[in-house]
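> test case, fold it:
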Amino acid sequence: MKVKIDTKEKMHVITIEEEELTANMTEQLIQQANSFLDTPIQNVILIFSKVKKISLESLNSLLSMQQSFYNAEHSMVFCEFQKNIENMVHEHHLEDIMNVTPSESEAWDMVQMEEIERELF
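Sure thing, here's the model as predicted:
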């Protein structure tokens, strides 16, 4: 699976460079993201701008991964979904439990806000 990883001050930004995210690729992505939980920078933004096809099973796996990040008090944000994937998220009522933003800059803002919330509480 092809991904581009850009490490910033408070987060890793992973851009998926594939048009289809299969179950096997999702598992690889989860392993890659989970490896960041053992590093000083533990927040992750996943950019889906090139992904045109994903299964509901893969979306649910990503949602479980996001929850494990939140349980460890770290952030995970999904951004730049294609319209058909946005529709799938909406259709299955996942938008209320998935951290999804339209753009990478909004994902950065969300990570930073969550960092501040964790510091306050």
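> and the strands in the protein, which stretches?
Remark: strands assigned in the chain by DSSP state E are 3-7, 11-16, 20-21, 43-47, 53-54, 76-79, 100-101.
> how about JSON lines for the ones you listed, with mean pLDDT and mean neighbour count added?
Backbone N, C-alpha and C define where each C-beta goes, glycine included. Output for these, formatted as JSON lines (pLDDT from 0 to 100; neighbours: other C-beta atoms under 10 Å):
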{"stretch": "strand 3-7", "mean pLDDT": "97", "mean neighbour count": "13"}
{"stretch": "strand 11-16", "mean pLDDT": "97", "mean neighbour count": "21"}
{"stretch": "strand 20-21", "mean pLDDT": "96", "mean neighbour count": "18"}
{"stretch": "strand 43-47", "mean pLDDT": "98", "mean neighbour count": "24"}
{"stretch": "strand 53-54", "mean pLDDT": "97", "mean neighbour count": "19"}
{"stretch": "strand 76-79", "mean pLDDT": "98", "mean neighbour count": "24"}
{"stretch": "strand 100-101", "mean pLDDT": "96", "mean neighbour count": "20"}
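> can you put the ones you listed in a markdown table and add distance to His93?
A markdown table is the format used below for these (distance: least, C-beta to C-beta, whole Å):
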| stretch | distance to His93 |
| --- | --- |
| strand 3-7 | 28 |
| strand 11-16 | 23 |
| strand 20-21 | 20 |
| strand 43-47 | 20 |
| strand 53-54 | 16 |
| strand 76-79 | 15 |
| strand 100-101 | 13 |
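> those strands: which one's closest to Met88?
Met88 lies closest, by C-beta to C-beta, to one member of the strands of the chain: strand 53-54, at 7.4 Å.
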